[in-house]
Every structure is written in structure tokens, then in C-alpha cells.
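> quick one: sequence and predicted model below, then my questions.
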Amino acid sequence: MIYVILVATTLLTSLVSGVLSMAGGMILMGVFGFFLSVPVAMVLHGVAQAFSNGSRVWLYRRHIRWTVLVPYTLGALLVLAIFSVTAFVPDIGLVFILIGSFPLISLVLPTSINLDMQKGHVAFISGLLVTTAQMLAGASGPVLDIFYIKSSLTRHEILGTKAVTQTLGHIIKLVYYSFLMGIVSQELPVWVFPAVIIAALAGNWMGKQLVEKISDDQFKTIGRYIILIIGFIYLGKGVYELA
């Protein structure tokens, strides 16, 4: 039954991400964290999200802003190198607190700070911060969202460009936890992996159909409220785990 819940959650969260380009990975990592150890949750989440975001790369390939990807990738690879040396695995309580805190960052960020992802140095900083968040908490969508709040990108451009950066981040997370850390997912039956991949692809396809029915303003506003609600829930769970 647990495995069915994991697959069903993958489908639903991929649908959420497919519509809003946010929140899905947060919810999914939270659910995986409830049922699995941190390393195994990171690996399964990485597989699901790599395919989920990867499919959005294809769906929105004509809208991707490729200019931000070079500096972003440099920042992301630097984080992988640092984590490879430290070999750090976070506590599950820390994972939940980090996931819950990310949505609140945008609320306390000074309005004078213009973190526009279309600027090269900002994209590099984004690669550093977002990939660090992925390595520590598994999900980093709310951190990445901060760099799109003040951009002039359309919902289609945000969906496509974020999908590329998130796919890269989850692949890096997979390399770290499954190869460099020597993590073998013995807790899970083999069929769970193809099942979550299929669920992730199906959820994104359904999300694509819904995206065409909403406006850019609705796209940004709805997502902001959703991740705030989820953030408070995960903060409470993280404090409970540490206590």
C-alpha cells in the first residue's frame, strides 16, 4: 500500500508542477520523507523529478531561455564538488524544516534586491543556492522561484527554463546519493522506479493541458499561495521530528 501511495503522489505532484512549475517537488519530497529513509527518499525523488522536469523541457522546448543556463550550471557543479568532499547526509527533521522555510524566504526578501534570473551573475548565484537546497532538502522549487518573481518571463518561458535547471539539479542529486554516496535503494521493489517515472510523465502531460486554460497572473498568484501553505505544514513537521 505504501508503494501505491508513493506512485499516486508522484502522479498528483507532477500534475501540480505541470500546471504551476512549483510546489509539486516540495509535496513529493515531504511524502517520500514520511515513508523512506533520507538517502532512499532522495534517490527516488531524484528519479521522479528528473523525469517530471525532463518531460517539461520537451513540452516547452520552444520557450526555454538558454542564456541563463551556462552560469547556472557552473554554480550547480561547484556545489556537487563541495558535497562530494564532505559526504553529508541531512537529518529528516532538517529536511522538513528546510523545505518549509524556503517559501517564506520570498516574503522577507527586501524589495530593493532584484534577483532577475536573466542576469548572468544572478543565474550563477541561483545555481549555487538552488542546488544546495536540493542536496540538503531534496526539493528547491521555492528557492528557484525567488529568481523568477521579478522577471518578465511568461508562464511558458518560466515552465521551460525552470524545467531545465531543475532537471540538472535532480540529476546532480542522483549522482551524489546513488553513486558518490554508494546508496542502493534496497528498501524499494524494482517496479516502483518505472512506476514513478510513468506517473511523473503522465502528470506533466495532464498539467500541460491545464496550463493553456489559465493566465500568467493566475499562474504566479495561485502558486505563491500554495507553496506558503505547504511551507507552514512542513515547518511544523520538521520541528516535531527534531523535538
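Cool, got the structure.
> and M1, how far from G46?
As judged by CB to CB, to the nearest Å, M1 and G46 stand 23 Å apart. Any C-beta I mention is one placed from the backbone N, CA and C, and that applies to glycine too.
> more neighbours, these two?
For M1 and G46, the more surrounded residue by other CB atoms under 10 Å is G46, and the numbers stand at 23 against 5.
> count of residues packed around the nearest residue to the more buried one once chain neighbours are set aside?
Beyond its immediate neighbours in the sequence, the residue positioned closest to G46 (CB to CB, 6 or more residues apart in numbering) is L174, lying 3.9 Å away. By the other CB under 10 Å criterion, the neighbourhood of L174 contains 20 residues.
> residue contacts, L174?
V43, G46, V47, A50 (CB atoms under 8 Å, 6 or more residues apart in numbering).
> quick check: which element contains it?
Assigned by DSSP states H and E, L174 belongs to helix 155-174.
> now that helix: mean pLDDT?
Along helix 155-174, the predicted confidence averages to a pLDDT of 81.
> please write out the alpha-carbon positions of it in PDB.
Backbone C-alpha positions of helix 155-174 (Å, rounded to 0.1, in the frame of the first residue of the first chain) are rendered in PDB as follows:
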ATOM      1  CA  ARG A 155       4.400  31.300 -17.800                       C
ATOM      2  CA  HIS A 156       5.500  29.200 -20.700                       C
ATOM      3  CA  GLU A 157       9.100  30.600 -20.500                       C
ATOM      4  CA  ILE A 158       9.200  30.000 -16.800                       C
ATOM      5  CA  LEU A 159       7.900  26.400 -17.100                       C
ATOM      6  CA  GLY A 160      10.500  25.600 -19.800                       C
ATOM      7  CA  THR A 161      13.500  27.300 -18.300                       C
ATOM      8  CA  LYS A 162      12.900  26.200 -14.700                       C
ATOM      9  CA  ALA A 163      12.400  22.600 -16.000                       C
ATOM     10  CA  VAL A 164      16.000  22.600 -17.400                       C
ATOM     11  CA  THR A 165      17.600  23.900 -14.300                       C
ATOM     12  CA  GLN A 166      15.500  21.600 -12.000                       C
ATOM     13  CA  THR A 167      16.300  18.600 -14.200                       C
ATOM     14  CA  LEU A 168      20.000  19.300 -13.900                       C
ATOM     15  CA  GLY A 169      19.700  19.700 -10.100                       C
ATOM     16  CA  HIS A 170      17.900  16.400  -9.600                       C
ATOM     17  CA  ILE A 171      20.500  14.600 -11.800                       C
ATOM     18  CA  ILE A 172      23.300  16.100  -9.700                       C
ATOM     19  CA  LYS A 173      21.400  14.900  -6.500                       C
ATOM     20  CA  LEU A 174      21.100  11.400  -8.000                       C
END
